[in-house]
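>>> give me a model of this one.
(chains A and B)
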Amino acid sequence: DAKTTQPPSMDCAEGRAANLPCNHSTISGNEYVYWYRQIHSQGPQYIIHGLKNNETNEMASLIITEDRKSSTLILPHATLRDTAVYYCIVRSRKTDSWGKLQFGSGTQVVVTP
Amino acid sequence: GAGVSQSPRYKVAKRGQDVALRCDPISGHVSLFWYQQALGQGPEFLTYFQNEAQLDKSGLPSDRFFAERPEGSVSTLKIQRTQQEDSAVYLCASRRTGGIEWASTDTQYFGPGTRLTVL
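Residues are numbered from 1 along each chain as shown, chains lettered A, B, ... in the order given. Next comes the predicted model:
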């Protein structure tokens, strides 16, 4: 069962903000939204996560809608190094034994000069 | 600092050969995961270790796949009698905490993966 829906690809101009949407309409109250990214030929890398409130760290911002059915990952000033596949993942201790990650197909983001 | 390392980075095997893929997790990490990533797809869970105990092997696709972590650190994923459909990137990840009481802030750290090609 797909827990999240993401567009397969999107382009972004270098220096501009990249806004990556994710739909998780069946999310339950105890499930967190996580974002990972995978640069070509590397393993996935944690970016950020949140439950209800918006979150910000040195890499990105996460905006979660009030009904929690969707979220947006924001890369404020995209660089060429941000070209990667971005995965939106929904998880909780109740649904994901041991904390394993259930990846979908993600969004291929290409940052162009 | 040292992250998760995997070896070899690339492996080419003839159909029917056995292969062994190694994962060195971050020192002191209790949890270790193996994932399989087919071309153009997201990683899929294979198996989970808490220290030396394999607590979940529900994702292993067949009995040709076997994983071990005998001393609770280094892990090996072995595939016997490889088939073409086994061609994929095999990713290892470790996490500081173990068990089901993981906190939302407990991050999984991934290695670079081993790309297996079965001819």
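>>> could you use CA atoms for every contact and neighbour count after this?
OK.
>>> near chain A, which residues of chain B? Just list them.
Proximity of chain B to chain A, by C-alpha under 8 Å from any C-alpha of the partner chain, involves residues B:33, B:40-45, B:48, B:91, B:98-102, B:104, B:107-113.
>>> which parts of chain A are strands?
Secondary structure of chain A by DSSP state E: the strands cover A:9-13, A:18-23, A:32-38, A:45-50, A:55-56, A:61-64, A:70-75, A:84-91, A:107-112.
>>> typo on my end, chain B
B:5-7, B:10-13, B:19-24, B:31-37, B:44-50, B:53-56, B:65-68, B:75-79, B:88-95, B:109-110, B:114-118.
>>> export those as JSON lines, with columns for mean pLDDT and mean neighbour count.
Formatted as JSON lines, these follow (pLDDT from 0 to 100; neighbours: other C-alpha atoms under 10 Å in any protein chain shown):
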{"stretch": "strand B:5-7", "mean pLDDT": "97", "mean neighbour count": "21"}
{"stretch": "strand B:10-13", "mean pLDDT": "98", "mean neighbour count": "15"}
{"stretch": "strand B:19-24", "mean pLDDT": "98", "mean neighbour count": "21"}
{"stretch": "strand B:31-37", "mean pLDDT": "97", "mean neighbour count": "26"}
{"stretch": "strand B:44-50", "mean pLDDT": "96", "mean neighbour count": "23"}
{"stretch": "strand B:53-56", "mean pLDDT": "94", "mean neighbour count": "16"}
{"stretch": "strand B:65-68", "mean pLDDT": "98", "mean neighbour count": "19"}
{"stretch": "strand B:75-79", "mean pLDDT": "98", "mean neighbour count": "20"}
{"stretch": "strand B:88-95", "mean pLDDT": "97", "mean neighbour count": "26"}
{"stretch": "strand B:109-110", "mean pLDDT": "96", "mean neighbour count": "24"}
{"stretch": "strand B:114-118", "mean pLDDT": "98", "mean neighbour count": "21"}
